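Build me a model from this:
(2 chains)
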There are 2 protein chains.
Amino acid sequence: MTDHAPKDIDTLIELLAKLPGLGPRSARRAVLHMIRKRSILLTPLADQMQRVAETARECLNCGNVGTADVCDICANEARGNGILCVVEDVADLWAMERAAVFKGRYHVLGGTLSALDAVGPEELRIPQLVDRVTSENVTEVILALNATIDGQTTAHYIADQLEGRVTLTSLAQGVPIGGELDYLDEGTITAALNARRQI
Amino acid sequence: MTDHAPKDIDTLIELLAKLPGLGPRSARRAVLHMIRKRSILLTPLADQMQRVAETARECLNCGNVGTADVCDICANEARGNGILCVVEDVADLWAMERAAVFKGRYHVLGGTLSALDAVGPEELRIPQLVDRVTSENVTEVILALNATIDGQTTAHYIADQLEGRVTLTSLAQGVPIGGELDYLDEGTITAALNARRQI
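Okay, the predicted model is just below:
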């Protein structure tokens, strides 16, 4: 990308364009916007990125992102209620926390099993999950993996590893709150119909 | 936005979400991606933003973004060919430079005239443009403003100011290269038809 911007600015555009959701064009717009708002945006962003680069680390226990070796959730005794929620990545953990309904701890896999990308159980902290089930007296493991082929394959593998040792559950599938039937795919409607409840 | 992420990371997400083209959700994804790629993305981005925050400045002559008081284009004697290209903002200047066909200098307005937003001629460097026409022996001013109502209103105002002093031109309007008639709006087709050329 030769941008005819000064070299420093061009380098910044190239770095920013590597972020998910940004391409060269939106990176250019973002950089010009930041330069116009230098004191309220560019400088604070640079400082904050520096701070996060220095302090952010993965929780050694669950894989969540935090600023200490053990994240806030794992450090919170009240959340050691014997229920573990297994999620694919930290964004999913945050989504669960926004719902503010789950009171247990998490285990972040950091991806899904994939033969093509050579992602095996060790890469996904599955042995650590098996260890935690024993060491943290876990009674229930909720497999909150995405409803994709890869997510479900990974869920099956984990279920095999833990079978007979804990109660295994998964999130209910059905019509999303506020969802309209007309816009739902056949798979969701089939799942919702099969899991219908008496009212 | 309460994100259940550690405070430092939450602050970074909030800052990033202020960039054009990013919202809270894509900012969260971008931050997690950066943390995973700390050494090749997060730290270099922080350093580069710091560098740009310290060095980037507006060219005192034309309003382009550069690292000196006078930008590379204004400092280049070879580009003082008596032709000035007036653009709305720096992104437009970069777009012109990517085409690599214009050999003169630019004048960046930094927006368009707008009574609603109280943007008058002074805010848009229009007096400086009038001065430059004299001081740089300009013979032609190309009004390369966007083909929007605001852009065209601004072009008319500038044309009034400069009338009789220089040759005034604007970019040709017509079918874009690679464009298909079926996808073009009526305004573009009308302009292309009115400006048809003998082949």
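
pLDDT weak spots in chain A?
Across chain A, the ranges flagged by pLDDT under 70 are A:1-3.

Show me the strands in it, by range?
Ranges of strands in chain A, per DSSP state E, are A:57-58, A:65-66, A:83-87, A:105-108, A:140-143, A:167-170.

quick one: A:Leu162 from A:Ile9, how far?
From A:Leu162 across to A:Ile9, the span is 52 Å (C-beta to C-beta, to the nearest Å). Every residue, glycine included, has its C-beta placed from N, CA and C.

Pull the residues that contact stretch A:28-43.
By C-beta atoms under 8 Å, 6 or more residues apart in numbering or on different chains, the residues outside stretch A:28-43 that reach it are A:3, A:5, A:9, A:12-13, A:16, A:22, A:45, B:15, B:18-22, B:49-50, B:52-53, B:56, B:65, B:89-91, B:94.

Report the buried members of those residues.
In the contacts of stretch A:28-43, burial by neighbour count holds for A:3, A:5, A:9, A:12-13, A:16, A:22, A:45, B:15, B:18-19, B:22, B:49-50, B:52-53, B:56, B:65, B:89-91, B:94, counting by 16 or more other C-beta atoms under 10 Å in any protein chain shown.

Spatially central residue for chain A, please.
Chain A has A:Asp89 as the residue nearest its centroid, 2.5 Å off, counting by C-alpha atoms, centre = their mean.

Make sure that residue is actually in contact with A:Gly110.
Yes. When contacts are counted by C-beta atoms under 8 Å, A:Asp89 is listed as touching A:Gly110 (6.1 Å).

Would you mind splitting chain A into its domains for me?
Using automatic domain parsing, the domain ranges for chain A come out as A:7-55, A:78-170.

Return the most buried member of those domains.
Highest mean neighbour count of these: domain A:7-55, a mean of 19 (counted as mean count of other C-beta atoms under 10 Å in any protein chain shown).

quick one: stretch A:163-180 to chain centroid distance?
Centroid separation for stretch A:163-180 versus its chain: 17 Å, with C-alpha atoms, centre = their mean, to the nearest Å.

Tabulate the CA atom coordinates of it in CSV.
Listed next in CSV are the C-alpha coordinates belonging to stretch A:163-180 (Å, rounded to 0.1, in the frame of the first residue of the first chain):
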residue,chain,number,x,y,z
GLU,A,163,-18.5,-38.3,30.6
GLY,A,164,-19.6,-39.9,33.9
ARG,A,165,-17.6,-37.4,36.0
VAL,A,166,-19.9,-34.4,36.0
THR,A,167,-23.3,-33.3,34.8
LEU,A,168,-22.9,-32.0,31.2
THR,A,169,-25.3,-29.4,29.9
SER,A,170,-25.4,-27.1,26.8
LEU,A,171,-27.3,-23.9,26.1
ALA,A,172,-30.9,-24.3,25.0
GLN,A,173,-31.5,-23.8,21.3
GLY,A,174,-34.6,-22.0,20.0
VAL,A,175,-36.1,-18.8,18.9
PRO,A,176,-34.1,-15.7,20.1
ILE,A,177,-36.0,-13.2,22.3
GLY,A,178,-37.5,-10.6,19.9
GLY,A,179,-36.9,-13.0,17.0
GLU,A,180,-39.4,-13.3,14.1
